[in-house]
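A.B. asks: I'd like to go over a predicted model; first the sequence, then the structure.
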Amino acid sequence: MRRISVLCAAAGLAVTAFVAASPAQASYHLIRWQDTGLCQIWDESIPTTPWPAGYHRASATVPTFIDALAVKDTALKNGHCKW
């Protein structure tokens with residue numbers, strides 16, 4: 001029984017090391033709520049859609065959250081978003 005525990009622990013460490021070494025594939029875009037004009041950064045890695053459904057996609061996909069903040073800042077300055 002002890003060998004199985006050691007084998008499971010070693011496999012868990014190997015999987016953890018592999019996941020930590022692989023690059024994250026995050027991507028973001030801006031959504032705009034139709035009723036309020038509020039713009040929000042949406043992480044595409046979230047497997048659900050925003051709720052409620054009264055929104056539309058307001059920007060192209062960008063690779064980092066910092067890029068998404070820059071897109072939101074530009075949209076705010078141009079008057080496309082209220083907040």
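C.D. replies: Here it is on my side, so go on.
A.B. asks: what's the next secondary structure element after the lowest-mean-pLDDT helix or strand in the chain?
C.D. replies: Here the helix or strand of the chain ranked lowest by mean pLDDT, DSSP states H and E is helix 2-21, holding a mean of 49. Next along the chain after helix 2-21, taking DSSP states H and E as the criterion, comes strand 28-33.
A.B. asks: Report the central residue of the chain.
C.D. replies: The chain has residue 43 as the residue nearest its centroid, 2.3 Å off, counting by C-alpha atoms, centre = their mean.
A.B. asks: Would you check how far apart that residue and residue 74 are?
C.D. replies: Per C-beta to C-beta, to the nearest Å, residue 43 is found 19 Å from residue 74. Placement of C-beta: from N, CA and C, glycine included.
A.B. asks: One more: residue 41?
C.D. replies: 13 Å.
A.B. asks: Of these two, give the one with the bigger neighbour count.
C.D. replies: residue 41 (16 against 13; other C-beta atoms under 10 Å).
A.B. asks: Quick check: that one vs residue 2, distance?
C.D. replies: 49 Å.
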